[in-house]
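J.: this is the structure alone, sequence omitted:
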DNA sequence: TTATGTGAAGAGTTTCACAGCA
DNA sequence: TGCTGTGAAACTCTTCACATAA
């Protein structure tokens, strides 16, 4: 399996874990890393690490391992984290604000730039959260185009959700990170990941 | 397949979705609901709804459907949401505080009671967030026992994470909702669900 | 006639084990 | 010899289709 085939979503979701492991490692001390070492760090098996990487090409040397720095760069490239990705956020409530502050605080997030926030509350419009300006929701279409936003975080209350999402999609947003407790549909070619604290807590209750 | 077999985790994670659909519905207007109707609401297939439910017993009537109210109660029972589950949270930062406020605001969350918050910052100790008191982290063991905490939310900075988790497990915590960007190990019989915004954004970058 | 419950088929994912190269 | 890359096997999860019961 040599050149980029269709990797399953579940593999894509593990790549940032590998990337994090490589960024954690001092590449002067460990210029070479084995699939076994990576597996140890992130808590999986060496076989899975190798299988996952094999979807994207051949990165290691047999009998040796992987070059820490080179593999890190490959993963960044695969995940498109070697360029700037412009992110928006709709809904500047408690959670939205916490997310923006958290994100802006860490340099690890650099390629993912939060460039615009949106809200309907006139009191919030024009304010800045950690240097990022809040725009009125009416300007959504205009600003998505202006800022070239490709990824949208959804943290607004669960009304008109589908409508807002459709507007984003129409204007070129390709991926959503959704915190709204609602079922949302996106067309083929657009990716939606939902993180719903209520649902997660409820399913964890089963194991208590 | 008649009496509660081992249902896969992936099924457990969908049950709260079904429960939400049933709680959304006016059971006076719709005393009966079909697997197809539920599937429509949450965006899945009728077959999957029936298969998922079949892991826990026989709840419907052939040719008719499911009794909305009765199925809701069954799902609550299966998920253990028919009793009070005591929840703790470690790390009263931006995100921790936002989660507590969000959770306390909605009555849907009632069976899941956040009963204690923990932090190391002396300035925060003794404060109350939405009626819930902040305790010093040194009291963790004592308070887990006192409050009978079975589910812990982790929102503190990524230091000593494994140590704190081990302490929780030792004192009877059975499930964790983790927001800390770190690899955590829990013994068999304890459930950990990690929600890592950074990893989620990074994997979404792939699709932009 | 309708819609459930469920085996069986199909699709997807993980694990295994080994050939092959440094 | 050591560790990668990868088919094939094993396992898990989803979809299908139909017997069955109301």
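T.: Thanks, I have it. Values in this document were obtained by computation on a predicted structure and should not be read as measured data.
J.: how far away is residue A:161 from DNA strand D?
T.: 23 Å (C-beta to the nearest atom of the strand, to the nearest Å). Backbone N, C-alpha and C define where each C-beta goes, glycine included.
J.: just give the nearest non-adjacent residue to that residue, would you?
T.: Once flanking residues are discounted, residue A:161 sits nearest to residue A:182: 4.8 Å by C-beta to C-beta, 6 or more residues apart in numbering or on different chains.
J.: does that neighbour touch residue A:160 like I think?
T.: No - counting by C-beta atoms under 8 Å, residue A:182 stays clear of residue A:160, with 10.0 Å between them.
J.: how about the residues of chain A by DNA strand D?
T.: A:1-2, A:34-36, A:46-47, A:50-51, A:53-54, A:58-66 (C-beta under 7 Å from any atom of the strand).
J.: give the buried subset of the residues you listed as a ChimeraX selection command.
T.: Remark: buried members of those, expressed as a ChimeraX selection using 16 or more other C-beta atoms under 10 Å in any protein chain shown:
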select /A:34,35,50,53,54,60,65,66
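J.: still on that earlier bit, residue contacts, the residue nearest to residue A:161?
T.: Counting by C-beta atoms under 8 Å, 6 or more residues apart in numbering or on different chains, residue A:182 makes contact with A:158, A:161-162.
J.: where's the dip in pLDDT among those residues?
T.: The weakest per-residue confidence within the contacts of residue A:182 falls on residue A:158 (92).
J.: neighbours of that residue, how many?
T.: Using other C-beta atoms under 10 Å in any protein chain shown, residue A:158 is surrounded by 10 other residues.
J.: please apply the same query to the one 10 residues further on.
T.: Around residue A:168 there are 24 other residues, counting by other C-beta under 10 Å.
J.: excluding its backbone neighbours, what's nearest it?
T.: Nearest non-adjacent residue to residue A:168, counting by C-beta to C-beta, 6+ apart: residue A:152, 5.2 Å away.
J.: separation between the one you found and residue A:69?
T.: 32 Å (C-beta to C-beta, to the nearest Å).
J.: does stretch A:55-74 reach chain B?
T.: No - applying C-beta under 8 Å from any C-beta of the partner chain, one finds stretch A:55-74 out of contact with chain B, separated by at least 10.8 Å.
J.: okay, now that stretch: how far is its last residue from its first?
T.: Length of stretch A:55-74, first residue to last, C-alpha to C-alpha, to the nearest Å: 12 Å.
J.: which positions in chain A make contact with DNA strand C?
T.: A:8-11, A:44-45, A:47-48, A:50-51, A:61-64.
J.: quick check, nearest of these to residue A:78?
T.: Within the residues of chain A next to DNA strand C, the smallest distance to residue A:78 is 10.3 Å, found for residue A:11 (C-beta to C-beta).
J.: still on that earlier bit, from the residues of chain A next to DNA strand C, which is closest to chain B?
T.: Among the residues of chain A next to DNA strand C, residue A:9 lies closest to chain B (C-beta to the nearest C-beta), at 8.4 Å.
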